[in-house]
Each structure stands twice: as C-alpha cells, then as structure tokens.
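>>> Predicted model and sequence below, questions to follow.
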Amino acid sequence: IWHQLDALKSTRPSSQFPSWSAVMVKQCFFLPLLLVLPLCAQKPNVVVIISDDAGYSDWGFMDDYLQTLNPGQPKSTVPTPNLDALRKRGTLLTNAYTAAVCSPSRAAIVTGSYQQRIGYEYNINNLTGANDVDGLSSDAVTIFDRMKSEGYTTGVVGKWHLGARANDSGDGNRPEHQGVDEFFGIWKGSRNYTIGAVGGSGTLRETFASPFTDTVLETTPPWNTTNKYVTNAFGIGAVNFIERHYADPDPFFLYVSFTAPHSPIGPSPDINDPRLSSLTGKRKDYASMVLTMDREIGNILNTLDDPAKDGSVSLTDNTLVIFINDNGGANNIGADNTPLRNFKGSIFEGGTRVPMIIAGAGLPANSTYHSPIHSIDILPTCLEAAGGSPPAEIDGISLLPYLDSTIPGIPHEVITIRNDTKVSVRK
C-alpha cells in the first residue's frame, strides 16, 4: 500500500490532479484497508476529441477572445453550446497550432512529434494492400501504445486516416495494429455523410483487437436506417465505448475524430434548427454540420457525467478532456477563419492555428492560456496525466505543469510548420 502511495505521488506534485491524486492520497489513510488499493490506483480517464476543417472563428467559445484579437469582429453564427460549456470548465488555448492538412496533423497528434520526423509529409491515399507504402510505419509508437503501457483500454471512434494497410506481411497500420483495442469508424479521411452505400476504406466498421473481429456495419441496421448520418453514428460509437468501460477497474483512453465539417458539405439533421435561421446556402449547411457534431460532443460529455444513466456515478471530475480542430478551416466549405490569413493547406495562421480546449481532472476552470503550443503536445500531456513519463525522443511537451502554473515560462521557444516545401515559424 505504501509503495502504491509513493508511486502515485512520485511523477507530479500532489496538487496536479486533486480530483484523483491528492484527494485520494489524503482519503486513503481513513479508508478501510480493503478499499485502499482500488481507490489509490485509479487514474483519470482521457478523452481526445477532434473536429475536421472547421473555421477558427466558428465557435461561440472563441467570441470573447476574438474581440481582443480583432475588435469589432461579429460573434460566431454557428451555435456550439456544448463546447462552450466545456470551455467554461476548462482552459482555452488561444495559440494552438497543428500541421496544415488532415493526415499529417493526425500523425503529429498520435506520435507526439512533428510528422516530418517519420517522413509523414502529405495526405495519404488510403491504400489497403499489405505491401503498400502509405500512412504510419508499422513500428511507429503511438499514443495508443503508450497509454496501453500505462494500463489504459484504448478506443478510437471516427476518422482514422493514418493507414489502411493490411497486416499480411506483418506491417499493417490499421487501428488494431497501432495499439487500438476497439475501433468504430472509417479508415480513410472523409466520406459521404449518409451511411449505406460507401465501400472500401470509407466504409463504417467496428473492430476489436482481442479476440480479433472486424465487422462491416455500412449496410447493417440501425446504421443504415435510423442512425444513418455518420456524425450521429460516431457520437453513438463514443457513448457506447464509455458505457462499456466506465465500470472497469482500468481507466480508458478514447480518441474521437469526427469528419465534420469536412467536405462534402450538405445539410445535417439539424438544418432546420431555428438558431440557423439567419444563414443561407453553403454557410447554413456547414453550420448545421458543426451543430450536429456539437450535439454529439454533448452526448459524450453527458455520458461521462452519468454513464449508468441513473445518477449513481460520474466520471466528469476524473476525466481529462481535450478538444482541438485538426488544421485550419478549409476554403470554399462555408468556414470562417477571420481574422487569420488563408485556409487549410497554408503555412500561414489560417492553415495551422486552431481552437483548443483542455478541461477536467483538476485543471483550472474558465481560464485562458496564450503561449504558443502545438498538437504534438497532446501525447505527452495525456501520458503525464496517466502517470507516465513523456519520452525524451519526442518533440511534444506536457502542458499540465504550464496550465496549472507548476512550471513558469512557456512550453516552446519556437514552433515550426512545414507543408511541402513551405515553412513557417512561430516564436
């Protein structure tokens, strides 16, 4: 017991996670002996949520900050009430950066390093053959591998876009070969939003690594009937994962990567929401897609708060939640990047600067952090929250001690962005 207490306190100051670390350490001395071990061993669950191609100013939670960045800028016309609520109980990071396009951005997130370190320069082709050279190298150590090593059950819901290569030659890079225990989603980077007729790497599927099963759901009820809008399906998949694992003795790591509002742009099930009545055309379609995604994020957060659906247990205070957009807002889809320059694919801020929120597990509420950070910091931040030590060989830095002011200063002296032959630097 004493060894477990010492191990629990050794990686960070006890004030870092009062909801599970400092509080549990104090309370353990007053608990019956049989209750000490399971409570003291509990780590926070971690949920990472990614939106796709959305504009920098298309979020209610960005309105106040944008008034300081660009006084007089109109408020967002895209309703995002659930993410607005998440921001109020967490920290808004106003200078968060990513890679300029979808697949390299995800490579940076899941490896904790600039994607160029593993030769991941471009969007991939979603090739499925065992000998195809496409996506992550099979020996890449991912955030899923690292969280599993800390005792976490790992799940991915939504867009994978890191490789669809079969494992016939031992070099597979589908989710089950990259540290993912459970997958519900698509291998490729985008698809038609209506479930029922998409094949190949864009088909909706569910995969369990052990024992291995891979089930195509594309033409299976209810996914092709009542739950046929893919954003809703991804939300349901995330809720199902939480409900399967909330009572497990081990914590979970859940990575939810929506395709919304990536093209093809069209009306979502929320197109007739009265909050969108002032919008028309593509802008309204786009806003409806973001609103549907926000509703599903709300369902995820509500499930964390009441996974048993009877009020008997809540995971909210013991879950670290990270939200980020994958890259800058895309051009010609209805997204608004004002006041940033350019769009997705550009090395200017419109292509690489994104909204980001970190909330829960003892971090400060309704706060704002302005120092530049990068999506490469997500892996070490999650790993430190899990009680692990971020590896020295990666480029990312854990943000936890900066967000709670344990460490003064800034995480990065320089952040670099490269897309093809173009490079930018943020200091």
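Yep, that arrived.
>>> Can you list phi and psi of residue 143 for me?
Per-residue torsions, residue 143: phi -60, psi -30 (degrees, to the nearest 10).
>>> could you check the distance from it over to residue 82?
24 Å (C-beta to C-beta, to the nearest Å). All C-beta atoms are positioned from the backbone trio N, CA, C, and that covers glycine.
>>> Same check on residue 418?
Distance of residue 418 to residue 82, given as C-beta to C-beta: 34 Å.
>>> quick one, which of those two is more surrounded?
residue 82 (21 against 17; other C-beta atoms under 10 Å).
>>> can you pull the contacts of the more buried one?
Residues counted as contacts of residue 82 (C-beta atoms under 8 Å, 6 or more residues apart in numbering) are 294, 295, 297, 298, 301.
>>> Once you drop chain neighbours, what's closest to residue 417?
Spatially, and ignoring its direct neighbours in sequence, residue 417 is nearest to residue 424 (4.5 Å; C-beta to C-beta, 6 or more residues apart in numbering).
>>> For the one you found, give me its contacts.
With C-beta under 8 Å, 6+ apart, residue 424 has these contacts: 347, 348, 352, 416, 417, 418.
>>> so is it in a helix, a strand, or just coil?
State at residue 424, reduced to three classes by DSSP: H, G, I helix; E, B strand; the rest coil: strand.
>>> Give me the local confidence score for it.
Residue 424 carries a pLDDT score of 95 in this model.
>>> And residue 109, by the same measure?
98.
>>> cool, residue 415 as well?
Per the predicted model, pLDDT is 97 at residue 415.
>>> For the chain, which segments count as strands?
For the chain, applying DSSP state E gives strands covering 45-51, 90-97, 153-159, 182-186, 205-209, 212-216, 252-257, 319-325, 353-359, 367-369, 373-374, 415-419, 422-426.
>>> now the last one against strand 415-419, angle please.
For strand 422-426 against strand 415-419, the angle by axes from the mean of the first three to the mean of the last three C-alpha atoms, to 10 degrees is 160 degrees.
>>> mind listing what residue 300 touches?
Contacts for residue 300 (C-beta under 8 Å, 6+ apart) come out as 47, 49, 235, 238, 239, 242, 256.
>>> out of everything not next to it in sequence, what's closest to residue 287?
Residue 287's closest residue in space is residue 78 (C-beta to C-beta, 6+ apart), at 4.5 Å.
>>> was I right about the one you found contacting residue 59?
Yes. Contact status for residue 78 versus residue 59: in contact at 6.9 Å, counting by C-beta atoms under 8 Å.
>>> what touches both of the two?
Counting by C-beta under 8 Å, 6+ apart, nothing touches both residue 78 and residue 59.
>>> For the chain, which segments count as helices?
With helices called from DSSP state H, the chain shows them at 2-10, 23-28, 33-41, 63-69, 81-88, 102-111, 143-149, 230-245, 281-305, 349-352, 378-385, 400-403.
>>> measure residue 144 to residue 218 for me?
Distance from residue 144 to residue 218, by C-beta to C-beta: 24 Å.
>>> Looking at these two, which is more packed in?
residue 144 (22 against 17).
>>> Can you read off the pLDDT for the nearest residue to residue 296 once chain neighbours are set aside?
Nearest residue to residue 296 in three dimensions, chain neighbours excluded: residue 235, at 2.7 Å (C-beta to C-beta, 6+ apart). pLDDT for residue 235: 98.
>>> For residue 235, list the residues it contacts.
Contacts of residue 235 by C-beta under 8 Å, 6+ apart are 295, 296, 297, 299, 300.
>>> How many neighbouring residues does the second one have?
Read it as residue 296. Neighbours of residue 296 (other C-beta under 10 Å): 26.
>>> All further residue positions should be reported with the first residue as 754.
Will do, 754 is the new start, and the previous item becomes residue 1049.
>>> Contacts only, for the closest residue to residue 1067 other than its chain neighbours.
Once flanking residues are discounted, residue 1067 sits nearest to residue 1058: 5.1 Å by C-beta to C-beta, 6+ apart. Contact partners of residue 1058, counting by C-beta under 8 Å, 6+ apart, are 1067, 1068, 1069.
>>> For residue 986, see how far away residue 1058 is.
Distance from residue 1058 to residue 986, by C-beta to C-beta: 22 Å.
>>> Residue 899: neighbouring residues, count only.
25.
>>> show me the contacts for it.
Residue 899 sits in contact with 932, 1132, 1136, 1141, 1144, where contact means C-beta under 8 Å, 6+ apart.
>>> Pipe these into JSON lines and attach neighbour count per row.
Supplementary listing: the contacts of residue 899 in JSON lines, determined by neighbours: other C-beta atoms under 10 Å:
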{"residue": "932", "neighbour count": "22"}
{"residue": "1132", "neighbour count": "28"}
{"residue": "1136", "neighbour count": "24"}
{"residue": "1141", "neighbour count": "19"}
{"residue": "1144", "neighbour count": "14"}
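>>> Any idea how many residues pack against residue 952?
10.
>>> so it makes contact with residue 969?
No. At 9.0 Å, residue 952 does not count as touching residue 969 under the criterion of C-beta under 8 Å.
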